[in-house]
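[1] Would you be able to build a 3D model of this:
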Amino acid sequence: MSKVKIGIICPSEIAFRRFMPAIQKCGDAEYIGVAYACADEWFGTAAADSRLIEREAEKAQSFKAEYGGKVFSSYTELIKSDEVDAMYLPLPPALHFKWARLALESGKHIFLEKPSTTSAADTKELIALAEEKELAVHENYMFAFHKQIEEIKEIIASGKLGDVRLYRIAFGFPRRSENDFRYNKSLGGGALLDCGGYTLKLASMLLGESAEIKYSQLNSTEGFDVDIYGSAALVNDAGVTAQVSFGMDNSYKCDLEVWGSKGTLSTGRILTAPAGFEPVAEIKTADGSETISLPADDTFKKSINHFCKCVNDSAVRKENYKAIVKQAELVEEVKG
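    Down below sits the predicted model:
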């Protein structure tokens, strides 16, 4: 497996705080540099506020000071560079399609922060282009690689909980600052595209490929032009249901409950366990209750490793295409 040389489009907080520490641990990937937007790229005109550009350039320099690598003075310069094989795009969701498409057209593999794009049609267009050019596209739902999910599935398969009757998944957090992109419609904001996507992804993983949306509800609150909270139900061919709820003006929840015919399992960090954190789960049956430790993991590192596998293995790459399209279709169904 050849080492994948990765550049970052936009010196974002998640890139600095999460991606860079993770890629340092990956033997299959190499960080090359980070790009900040030039004036034309920021607003589409040359009339960008020069202070905004200066701020992003300063952030890029902080990457170089902390992690080394090269600073590119525009996204386009990075995309066109022969020094990189792949791009990491931690941009606001509404910008993913434009820059991912340009990168794919330039022969670069794409590692996207979630969601892949803001519409199923755009996601499918990216996947079709990637397939045509034999390039990898990966959507960074890190939690999907956590060992705790595999262990929970093993507990379910053991029959300890009996037959699964219902999954409940909830993910929400208190309101963030007003300038957060999540509350900006033009940047691809909204609870569904943010925390809602996590709940749909986990529901799909638990229910399997036949999972379909049966009902959904999105709600907004005064002063916002995006959905602030919502819920949905998914059902698979076996009739098992997953109820999901999400919100970004809520008290914090990050829960999974599995309700079976003989018992229940519940855990509280199913989507956000950081590297090294050891989650716990509570199991209740007729014999009593017990608290068990679930394994710690490093999901960002494993997500980057999976991306590298997609780059180097066409079979893994094609399976990843399917998963990304399935996720985009579920999100689109919830939109109604």
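
[2] drop to CA atoms for contacts and neighbour counts, all remaining ones
    OK.

[3] which SSE is residue 125 in?
    Assigned by DSSP states H and E, residue 125 falls within helix 120-133.

[4] Please list the outside residues in contact with that helix.
    97, 100-101, 104-105, 107, 116-117, 136-137, 321, 324-325, 328-329, 331-332 (C-alpha atoms under 8 Å, 6 or more residues apart in numbering).

[5] try it again with 6 Å
    The contact list for helix 120-133, computed with C-alpha atoms under 6 Å, 6 or more residues apart in numbering, reads 117, 328, 329.

[6] so the last one is in which element?
    Taking DSSP H and E as the criterion, residue 329 maps to helix 314-335.

[7] Average pLDDT for that helix, rounded please.
    Mean pLDDT, helix 314-335: 98.

[8] Format the contacts of helix 120-133 as JSON lines; extra columns: distance to residue 72.
    Formatted as JSON lines, the contacts of helix 120-133 follow (distance: C-alpha to C-alpha, whole Å):
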{"residue": "117", "distance to residue 72": "24"}
{"residue": "328", "distance to residue 72": "31"}
{"residue": "329", "distance to residue 72": "35"}
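
[9] Of those residues, just say which sits nearest to residue 232.
    Using C-alpha to C-alpha, residue 329 is the member of those that sits closest to residue 232, with 13.9 Å.

[10] How many neighbouring residues does the closest one have?
    Neighbour count of residue 329, defined by other C-alpha atoms under 10 Å: 19.

[11] Look up how far residue 34 lies from the residue lying closest to it once chain neighbours are set aside.
    Once flanking residues are discounted, residue 329 sits nearest to residue 120: 5.7 Å by C-alpha to C-alpha, 6 or more residues apart in numbering. According to C-alpha to C-alpha, to the nearest Å, residue 120 stands 28 Å off from residue 34.

[12] same check, this time on residue 294
    Note on residue 294: its distance to residue 34, by C-alpha to C-alpha, is 36 Å.

[13] Over to residue 40?
    18 Å.

[14] if you count what's nearby, which of the two comes out ahead?
    A direct count of neighbours by other C-alpha under 10 Å for residue 40 and residue 34 places residue 34 higher, at 30 against 12.

[15] In which helix or strand does that one reside?
    Using DSSP H and E, residue 34 maps to strand 29-35.

[16] same thing with residue 101?
    Under the criterion DSSP H and E, the helix or strand holding residue 101 is helix 96-105.

[17] Report the buried residues of that helix.
    By neighbour count with 16 or more other C-alpha atoms under 10 Å, helix 96-105 contains the buried residues 96, 97, 99, 100, 101, 103, 104, 105.

[18] follow-up on the earlier one: can you tell me the average pLDDT over the helix holding residue 125?
    98.

[19] what's the following helix or strand after that helix?
    Using DSSP H and E, the helix or strand that directly follows helix 120-133 along the chain is strand 137-140.

[20] That next one packs against which elements?
    strand 109-113 (3 or more C-alpha pairs under 6 Å, 6 or more residues apart in numbering; DSSP states H and E).

[21] Okay, now the sheet partners of the strand it packs on, with direction.
    In the sheet, strand 109-113 lines up against strand 86-89 (parallel), strand 137-140 (parallel) (DSSP bridges).

[22] how much space is there between residue 159 and residue 152?
    Between residue 159 and residue 152 the computed distance is 12 Å (C-alpha to C-alpha).

[23] for residue 169, same thing?
    Applying C-alpha to C-alpha to residue 169 and residue 152 gives a distance of 14 Å.

[24] Any idea what the residue lying closest to residue 247 once chain neighbours are set aside is bridged to?
    Nearest residue to residue 247 in three dimensions, chain neighbours excluded: residue 229, at 3.8 Å (C-alpha to C-alpha, 6+ apart). Under the criterion DSSP bridges, residue 229 forms beta bridges with residue 219, residue 247.

[25] List the residues that contact residue 229.
    Taking C-alpha under 6 Å, 6+ apart as the criterion, residue 229 is in contact with 191, 219, 246, 247.

[26] with those in mind, which one is nearest to residue 147?
    Closest approach between the contacts of residue 229 and residue 147, by C-alpha to C-alpha: residue 246, at 23.2 Å.

[27] just the strands in this structure please.
    4-9, 29-35, 70-72, 86-89, 109-113, 137-140, 164-172, 212-219, 229-235, 241-247, 253-260, 263-267, 280-285, 288-293 (DSSP state E).

[28] Could you export the ones you listed as JSON lines, including mean pLDDT and distance to residue 147?
    What follows is the strands of the chain, written out as JSON lines (pLDDT from 0 to 100; distance: least, C-alpha to C-alpha, whole Å):
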{"stretch": "strand 4-9", "mean pLDDT": "98", "distance to residue 147": "25"}
{"stretch": "strand 29-35", "mean pLDDT": "98", "distance to residue 147": "22"}
{"stretch": "strand 70-72", "mean pLDDT": "98", "distance to residue 147": "34"}
{"stretch": "strand 86-89", "mean pLDDT": "98", "distance to residue 147": "24"}
{"stretch": "strand 109-113", "mean pLDDT": "98", "distance to residue 147": "21"}
{"stretch": "strand 137-140", "mean pLDDT": "98", "distance to residue 147": "16"}
{"stretch": "strand 164-172", "mean pLDDT": "98", "distance to residue 147": "18"}
{"stretch": "strand 212-219", "mean pLDDT": "97", "distance to residue 147": "25"}
{"stretch": "strand 229-235", "mean pLDDT": "98", "distance to residue 147": "24"}
{"stretch": "strand 241-247", "mean pLDDT": "98", "distance to residue 147": "21"}
{"stretch": "strand 253-260", "mean pLDDT": "98", "distance to residue 147": "15"}
{"stretch": "strand 263-267", "mean pLDDT": "98", "distance to residue 147": "14"}
{"stretch": "strand 280-285", "mean pLDDT": "98", "distance to residue 147": "12"}
{"stretch": "strand 288-293", "mean pLDDT": "97", "distance to residue 147": "12"}
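
[29] Cool, thanks, signing off.
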